[in-house]
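Engineer: Could you work out the structure for the sequence below:
(2 chains)
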Amino acid sequence: MRDFSYLRASSADEARQAALQAGSVLLAGGTTLLDLAKCGVMEPETVIDITHLSGLGGITVDAGGATIGALAKMGEVADHAGIRAAFPAVSESLSLAASAQLRNMATIGGNLLQRTRCSYFREPDVFPACHKRNPGSGCSALGGVTRNHAVLGTSDACIASYPGDLAVALVAFDAVVEVGGRTVSVDDFFLLPGNTPERETVLERGEMITAVTVPASAAAKNSTYLKVRDRQSYEFAAASAAVGLEFEADGKTVRDIRVALGGVATKPWRARNVEQALVGKVLSPETVEAASRLAMEGAVSHGANHYKIELAPRVVARAILKVGGLA
Amino acid sequence: MTRTIHLSLDINGRRYDLDVEPRVTLLDALREHLALTGTKKGCDQGQCGACTCHVDGSRVLSCLTLAAQVEGRQITTIEGIAAENGELHPVQAAFVEHDAFQCGYCTPGQIMSAVACIREGHAGSDEEIREYMSGNLCRCGAYNSIVAAVREAAEMA
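Structural biologist: Below is the predicted model:
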């Protein structure tokens, strides 16, 4: 890890001001920044510690929804009674992520900004070519071992998958990221790689996430996060689904449904085509299975990740059947 | 260019003063600067849990924590959990009783994690213990005895 200078910010304004400098980076939980600094992927000149700022870690839940401060810890949000009651998928996405230690460290703002686990991205000494790390240098993953790479939202420049769980639950329920004076929907916050995979979010230099808000809904209240992975705990998703469902008064016709996927796409992936196929329909295993297949519309595999195209719709279907009371 | 910063850390109820480069992690500060070598360096990348310590009572990975970040916080390491008269912490005693280790390298991290796991209320069943202890890897595979030790310590707590 290259050396850097350390600044402990005493206010959010001071942190933003300091972050305007090229080479400066904000330090919250540190679980991504220090990891990637050790890998040689991130080489900050100045680290701006925002963990001592007060007023950015609150969690409030009321009838309108939840507001989660950017410095709230993953573990605190996962265990928050109000979040568990009104947004089970959000709570589950957090408690199924990382380990207890990492959840005590990593913040909600930092969690959104976690970087891909693409092994080529993470090893600059061995794999110099990476458009995300070094635009224009190539992509070592294309033609490489792609078992954990994305099948949705990829481009010729980058097939790295977005590794997070929380953002998948957030995008399903129309959550909004507060960035100082402006707000951006989680869906718009994350960018597709296109020809600029180095640009992962709409955050500009000197901007800082201050909070995430999630509107309350009946679908969010009846929701789940299903995560399938290579080992039972402490592992990234091979495929995951955040699903929420509201029935009409008859208890079987879909009024509102939300579906988002993780582990298979270059950004948190809202599957609106699956939702549209089910709204107004009577929920049955057959309709759910057929609709879930639509989630893979446009999917492209790169060899070893082909299994995700089969796996992801099954994960979606299982999650829908669960919240629909059919499994 | 070497820049050092002066830090004053509160570790196991004692104050330690040290001058370190800003990049020095809490783990390296403990082991290389303060001779508190009970905390182990396994992967040094946040994947194995061997370096688990408590900061303000919650378990964290000291390899992904800057020493500079935790100034003003209360840090507890494996050296700080036994009683002053040397009597083992109940979790330490349970690990001895259940032979919950082979080589012992992951053990300080396992014990620090288990103490917090029990305090958090996440040690109610073997299944829950396995889930909430999953951040601590044991390459010898002593998991069954570790679960038994945590369960017994939780029942006595």
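Engineer: What parts of chain B come near chain A?
Structural biologist: For chain B, the contact set with chain A under Cβ under 8 Å from any Cβ of the partner chain comprises B:1-3, B:5, B:21-23, B:25, B:44-46, B:49, B:52, B:58-61, B:63-66, B:68-69, B:72, B:113, B:116-117, B:120, B:122, B:130-136. To be clear about C-beta, it is placed using only N, CA and C from the backbone, and glycine gets the same treatment.
Engineer: Taking these, please make a PyMOL selection of just the buried ones.
Structural biologist: Here the buried members of those are turned into a PyMOL selection, burial being counted by 16 or more other Cβ atoms under 10 Å in any protein chain shown:
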select buried, chain B and resi 5+21+22+23+25+44+46+49+52+58+59+60+61+63+64+65+66+68+69+113+116+117+120+122+131+132+133+134+135+136
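Engineer: Sort out for me which of the residues of chain B next to chain A are in strands.
Structural biologist: B:5, B:52, B:58-61 (DSSP state E).
Engineer: Closest one to residue A:123 out of these, please.
Structural biologist: residue B:61 (21.0 Å; Cβ to Cβ).
Engineer: show me the contacts for the closest one.
Structural biologist: A:31, A:101-102, A:105, B:46, B:49, B:51-52, B:135 (Cβ atoms under 8 Å, 6 or more residues apart in numbering or on different chains).
Engineer: mind running it again at 10 Å?
Structural biologist: With contact set as Cβ atoms under 10 Å, 6 or more residues apart in numbering or on different chains, residue B:61 has these partners: A:30-31, A:34-35, A:99, A:101-102, A:104-105, B:25-27, B:43-53, B:109, B:113, B:135.
Engineer: Tell me the one of the ones in strands among the residues of chain B next to chain A nearest residue A:306?
Structural biologist: Nearest to residue A:306 among these is residue B:61, at 34.6 Å by Cβ to Cβ.
Engineer: how close does residue A:219 get to residue A:278?
Structural biologist: 12 Å (Cβ to Cβ, to the nearest Å).
Engineer: Next, show the common contact partners of those two.
Structural biologist: Going by Cβ under 10 Å, 6+ apart, residues that sit against residue A:219 and also against residue A:278 are A:245, A:254, A:256-257.
Engineer: still on that earlier bit, for the ones in strands among the residues of chain B next to chain A, work out which two are farthest apart.
Structural biologist: Spatially, the most separated pair among these is B:5 and B:59, at 25.7 Å (Cβ to Cβ).
Engineer: Do a quick rundown of the helices in chain B.
Structural biologist: Under the criterion DSSP state H, chain B contains helices at B:26-28, B:90-97, B:107-120, B:126-132, B:143-156.
Engineer: need those in a markdown table with mean pLDDT and distance to residue A:139, can you?
Structural biologist: As requested, those are arranged in a markdown table below (pLDDT from 0 to 100; distance: least, Cβ to Cβ, whole Å):
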| stretch | mean pLDDT | distance to residue A:139 |
| --- | --- | --- |
| helix B:26-28 | 98 | 34 |
| helix B:90-97 | 98 | 47 |
| helix B:107-120 | 98 | 37 |
| helix B:126-132 | 98 | 36 |
| helix B:143-156 | 97 | 39 |
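Engineer: Find me the pLDDT at the closest residue to chain B within the stretch 101-250 of chain A, would you?
Structural biologist: Nearest to chain B in the stretch 101-250 of chain A, going by Cβ to the nearest Cβ, is residue A:233, at a distance of 3.7 Å. At residue A:233, the model reports a pLDDT of 97.
Engineer: Surely it and residue B:136 touch.
Structural biologist: No - with contacts counted by Cβ atoms under 10 Å, residue A:233 stays clear of residue B:136, the gap being 11.1 Å.
Engineer: Which neighbours do these two have in common?
Structural biologist: Residues touching both residue A:233 and residue B:136 (Cβ under 10 Å, 6+ apart) are residue A:99.
Engineer: Domain-wise, how is chain A divided?
Structural biologist: Taking automatic domain parsing as the criterion, chain A consists of the domains A:5-49, A:218-323.
Engineer: Could you export these as a markdown table, including mean neighbour count and distance to residue A:139?
Structural biologist: Below are these laid out as a markdown table (neighbours: other Cβ atoms under 10 Å in any protein chain shown; distance: least, Cβ to Cβ, whole Å):
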| stretch | mean neighbour count | distance to residue A:139 |
| --- | --- | --- |
| domain A:5-49 | 19 | 15 |
| domain A:218-323 | 20 | 10 |
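Engineer: Minimum distance to residue A:208: which of the helices of chain B has it?
Structural biologist: Short answer: helix B:26-28, nearest of the helices of chain B by Cβ to Cβ, at 24.1 Å.
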